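Asks: What would the 3D arrangement of this be:
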Amino acid sequence: MTAWLTEAVPRGRIAAFRTLVYLFVAADLVVFTPWVRTRADVPGDLYQPLFVGRLLPLPTPTPALVGLVFWALLVTALLAATGRAHRLLGWTVFALYFEWMIVAMSYGKVDHDRFALLVALAVLPTAGRARHGDPIRTEAGGWALRVTQISVVCTYFLAAWAKFRFGGWDWANGSVLARAIIRRGTDLADLIAQVPHLLIVAQFGILAFELLSPLVFVLPARWRTMTVGFFYSFHLVTIATITISFAPHLVAMTSFLALEKVRPVVFVRRLLGRPPPTPPADGAPALDRSATATA
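Replies: Modelled structure (predicted):
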């Protein structure tokens, strides 16, 4: 089990994942969740913090607090995306984004698509130093990615558990998707809804997909990649039919992918006719077992 949890991955994969996650956090503030800043204008007595917000406890949002968190998080996320001071900046981004989510989700609605992203932010500071394209393998980085992968799968599996807990089999036999299409469906969804019994079949299919999602960990590498591709296609259909975006979850799910192969800087340099940078190591990649690299 320990060997599986700490399966070594190239440092370049950690560097790419780190950059992607932190850039998404910055984008999230201005594209996906800018509405969180309006919470500062809501009367304080409407603030009902989540359990962790009561446990710590965290302060009631004010204009000054929300504004401070927004700007501090935006700046530190962009800095963290460079990979420098990965511990200091990483822990700072996690703490600020955690507070941002507490403010967002303490007024009656809790989105489960951010669980895996929060886990990724919590473990990335432990992944050690990493440079884009570095083939040296790291167990510390492998552990960070594995924990993120587990949280991605838990998001699916626990969603099925919640459906059974609160709706039972009536969730699958009911009109869940029909109501979603009525509320926020697209033209494509209207076409699908006209097919007899298709929505009921889809609801059973969703439950089966969520319950079977842990099998992704026991599949051969090729089939695992194809399964993750299916996960992405599921969300593509979701946003195309009922306009529900799982963007944070999709970013966390890239922890399954060989991100070290995607190097936009090298691509741009080749377009400009410049040679790519020399790889940091030659020959067979070495193994870095250190989980305590300094920032």
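Asks: CA only for contacts and neighbour counts going forward, please
Replies: Will do.
Asks: Now for the nearest residue to residue 74 once chain neighbours are set aside: which residues touch it?
Replies: Sequence neighbours aside, residue 26 is the residue nearest to residue 74 in space, at 5.2 Å (criterion: C-alpha to C-alpha, 6 or more residues apart in numbering). Going by C-alpha atoms under 8 Å, 6 or more residues apart in numbering, residue 26 touches 73, 74, 75, 77, 78.
Asks: 10 Å instead?
Replies: 32, 70, 71, 73, 74, 75, 76, 77, 78, 81, 93, 97 (C-alpha atoms under 10 Å, 6 or more residues apart in numbering).
Asks: any idea how far the residue positioned nearest the centre of the chain is from residue 157?
Replies: Nearest to the geometric centre of the chain sits residue 252, at 2.7 Å (C-alpha atoms, centre = their mean). In this view, residue 252 and residue 157 are 16 Å apart by C-alpha to C-alpha, to the nearest Å.
Asks: ok, now residue 196?
Replies: Relative to residue 157, and taking C-alpha to C-alpha, residue 196 is found at 28 Å.
Asks: Between these two, which has more neighbouring residues?
Replies: With neighbours defined as other C-alpha atoms under 10 Å, residue 196 and residue 157 compare such that residue 157 has more, 19 against 9.
Asks: can you tell me which helix in the chain is longest?
Replies: Criterion DSSP state H: the longest helix present in the chain is helix 139-166.
Asks: Tell me the helix or strand right after it.
Replies: Later in the chain than helix 139-166, the nearest helix or strand by DSSP states H and E is helix 170-173.
Asks: buried stuff in that following helix?
Replies: Neighbour-count burial for helix 170-173, counted by 16 or more other C-alpha atoms under 10 Å, picks out 171, 172.
Asks: repeat for stretch 36-43
Replies: Quick answer for stretch 36-43 (16+ other C-alpha under 10 Å): 36, 37, 39, 40.
Asks: From what I see, the third one and residue 66 are in contact.
Replies: Yes. The criterion here is C-alpha atoms under 10 Å, and residue 39 meets it with residue 66 at 8.0 Å.
Asks: Can you pull the residues that touch both of those two?
Replies: Counting by C-alpha under 10 Å, 6+ apart, the residues touching both residue 39 and residue 66 are residue 103.
Asks: if we can go back for a sec, tell me the pLDDT at the residue nearest to the centre of the chain?
Replies: pLDDT recorded at residue 252 is 98.
Asks: Using PDB, list the CA coordinates for the strand or helix carrying it.
Replies: Following DSSP H and E, one finds residue 252 within helix 247-252. Extracted C-alpha coordinates of helix 247-252, given in PDB (Å, rounded to 0.1, in the frame of the first residue of the first chain):
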ATOM      1  CA  ALA A 247     -14.100  23.100 -13.600                       C
ATOM      2  CA  PRO A 248     -12.200  22.800 -10.300                       C
ATOM      3  CA  HIS A 249     -12.800  19.100 -10.300                       C
ATOM      4  CA  LEU A 250     -11.600  18.800 -13.900                       C
ATOM      5  CA  VAL A 251      -8.400  20.600 -13.000                       C
ATOM      6  CA  ALA A 252      -7.700  18.300 -10.000                       C
END
